[in-house]
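> Let's see this in three dimensions:
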Amino acid sequence: MTTLDGTEASVCSNALTIGAIVDEFKSDRNRLLDIVGRVQHRFGHVSQEAISSISSRLGMHPVEVIEMVSFYAFFDQTPRGRNRIRLSKTPISMMNGAREVAEAFGQSLGIAMGETSLDGMFTLEWTNDIGMADQEPAALVNGMILTSLTPLDVPGIIAALRHEEDGLGLSSYPPTAAQALKLPKSNVRPSLIQAGPLLTRPVVRARGLKAALAMTPEKVIEEITSSKLRGRGGAGFPTGMKWRLTRKSAGKEHYILCNADEGEPGTFKDRMLLAEFPDLVFDGLTIAGYALGSQHGILYLRGEYAYLWETLQETLRTRRSLGLLGANICGRQGFDFDIRIQLGAGAYICGEESSLIESLEGKRGSPRDRPPFPTERGYLQQPTAIDNVETLICAARILEKGVAWFTSYGTKESAGTKLISVSGDCARPGVYEVPFGVTVSELLDLVGGADAIYVQVSGPSGHSVAPKDFGRSIAYEDLSTGGSTMVFGPQRDVLDVAMQFAEFFVEESCGWCTPCRVGTTLLKQGMEKVLAGRATLSDLSEMEALGQTVVRMSRCGLGQSAPNPILTTMRNFPELYEARLAAVPFTPLVTLHDALREAVAVQGREPLSEET
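From the prediction side, this is the model:
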């Protein structure tokens, strides 16, 4: 009998554990994101041995697993700290003291950002927006959210993490509420500041769903179409048209996906809806399932919102027990529908609908070429409708209260109300429900930001609005927005903010296409030159031309909108760029004659003159 040594025994044990994880997901290759997530949590990283084991059990090439693992920010191929401290890095967090909090963590742990402590207990790093712009500085610690941090909070946080002998980092993931309570500042405050007709309480569970089930699926789609409901994620595509196209498309299955991967910096209204109105979200998702003839709904929850997992799963269990999910919902014979939640793993690009589908299928979240569109061939190559959280809540309310009620708010082209996430230099940050057509100036008065010098509408990918344009309206026909509104006061440097947004797009580009991968980097370098006072008018012209090229040539919405922070600030704040230009005309350090000296020596002749 051969006895295994310690290393071999460990490898065998790990392989058995990975096998059990794969079996839990029925060896479904499409659930690779879940499988890798469990392995990451269990072992702290996804080793080469784990990759080989996973690929073997799923009948895949290891490269396919590596490609997926390397894509997501929450996965590691090498060991990192037992406790992962990720501090939100956005203009809003920096304005509120995130840099000082980072320094306090670094001093307490004896490490710099991006490093792991010698005892292997802590890794400290920056991460992009985690959806807490109204409660910055914020951090993600082992999947738990900490808000409104100060340097004085740091010792208590580190002490709590050290105190847990079993390690808060590995005890449970997604984290439970009880687990989060062990950490100071783990309370996420309610974010709804002003409710309008859409969110008026009390909300009666399933009222909209029961109204829908009293109609035919075709009639439900007709009602949504008549309401002029458009997608609330920012693109504004007519929801009724999307549902009709999906229902009419031939396929063995039809799917409805809820896009809850709001990664746009400054946006947190979907987080608020999931936390405070989960039943209304699931009502809308179930109504859409009925309208499409679907049996399967999936809510794609961004990894930064893992703290909501427990509450959302409990809501689903309650709905199943009440007959609101499962077979013959509400007694409607033949309507069988259920919902599962898919947790993301830290990739901004997965908010783009085709990237989200790729992620759901266990791949890296790269955008697909279109056509075909998801309504024809989406998830698992079947007809698929993808709507964001706010859109589905609107659908539920429309079926509950009627088309006339919904269209009585807003403008001719933008029916209903809009949820706006407001953060930055204002007295009352949070979520506001306002009718479409409200002006930027009116919104600033509402939130206590009347002295703003600059407002970023719809996040970095949106519009940089100067005071001269504060009379513009938030509506699809003017300033279209997914919901993010960042307010910047007189003490802020507009170009520094634009630079931070440029850095964000460099980090979040999936790298698939050259215009975005290279163009975002060149635009960032151009902004660095501007801020250093080394740019010329020629440099600005080249940046503008480059930005337009990236917009036209990029493969997906990320690249097409990545130049916006630079292009729109150039257009709306030209005097700020001009003030940063080099004080003297550009003088080359090397003349053309000197640059060609070596070539002249090799060729034995001077270059031809223009006259020649």
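
> can you confirm Asp338 is in a helix?
No. Counting by DSSP: H, G, I helix; E, B strand; the rest coil, Asp338 falls outside a helix, being strand.

> Give me the neighbour count for Trp309.
17 (other Cβ atoms under 10 Å). Where C-beta positions appear, they are placed from N, C-alpha and C, glycine not excepted.

> quick one: contacts for it?
174-175, 301, 341, 343 (Cβ atoms under 8 Å, 6 or more residues apart in numbering).

> List just the nearest of the residues you listed to Ile193.
Taking Cβ to Cβ as the measure, Ile193 lies nearest Leu301 of the contacts of Trp309, at 23.6 Å.

> residue ranges with poor pLDDT in the stretch 1-150 of the chain?
Residue ranges of the stretch 1-150 of the chain with pLDDT under 70: 1-12.

> Could I get the full set of strands for it?
Along the stretch 1-150 of the chain, counting by DSSP state E, counting those that start in this stretch, strands occupy 83-88, 115-116, 122-127, 139-141, 144-146.

> Now do the phi/psi pair for the residue nearest the centre of the chain.
Centrality entry for the chain: nearest residue to the mean C-alpha point is Gly263, 1.6 Å, by Cα atoms, centre = their mean. With angles defined as degrees, to the nearest 10, Gly263 sits at phi -110, psi 0.

> Before we move on, what's the pLDDT of it?
Gly263 is assigned a predicted lDDT (pLDDT) of 91.

> ditto for the one 5 residues further on
According to the predicted model, the pLDDT of Phe268 comes to 97.

> quick one: contacts for it?
Counting by Cβ under 8 Å, 6+ apart, Phe268 makes contact with 131-134, 191, 262, 421, 423, 431.

> can you list these in a markdown table and add neighbour count?
As requested, those are exported to a markdown table (neighbours: other Cβ atoms under 10 Å):
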| residue | neighbour count |
| --- | --- |
| Gly131 | 27 |
| Met132 | 26 |
| Ala133 | 30 |
| Asp134 | 26 |
| Ser191 | 23 |
| Glu262 | 29 |
| Ser421 | 28 |
| Ser423 | 28 |
| Val431 | 25 |
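
> Among the residues you listed, which one lies nearest to Gly362?
For those, the nearest to Gly362 is Glu262 (22.0 Å; Cβ to Cβ).

> Which members of the contacts of Trp309 are the farthest-apart pair?
Maximum pairwise distance among the contacts of Trp309 (Cβ to Cβ): 14.7 Å, between Pro175 and Ile341.

> Looking at those two, which one has more neighbours?
Shown here are Pro175 and Ile341; by other Cβ under 10 Å, Pro175 has more neighbours (22 against 17).

> isn't the more buried one right up against Tyr307?
Yes. With contacts counted by Cβ atoms under 8 Å, Pro175 reaches Tyr307, the gap being 6.0 Å.

> Find residues that contact each of those two.
143-144.

> Which helix or strand in the protein has the lowest average pLDDT?
helix 592-595 (a mean of 66; mean pLDDT, DSSP states H and E).

> for the residue nearest to the centre of the chain, what are its contacts?
Going by Cβ under 8 Å, 6+ apart, Gly263 touches 128-129, 131, 302, 304, 347-348, 350-351, 508.

> Closest one to Phe122 out of the contacts of Phe268, please.
Taking Cβ to Cβ as the measure, Phe122 sits nearest to Met132 out of the contacts of Phe268, at 21.0 Å.

> ok, for the closest one, nearest residue in space, not its chain neighbours?
Take Met132 and drop its neighbours on the chain: the residue closest to it by Cβ to Cβ, 6 or more residues apart in numbering is Ala138, 3.7 Å away.

> can you check Ile287 too?
Ala212 (4.6 Å).

> can you check Pro460 too?
Pro460 sits nearest to Phe501 (Cβ to Cβ, 6+ apart), 3.9 Å away.

> can you count the residues close to the one you found?
By the criterion of other Cβ under 10 Å, Phe501 has 24 neighbours.

> beta partners for Thr116?
Thr116 has these beta-bridge partners by DSSP bridges: Thr123.
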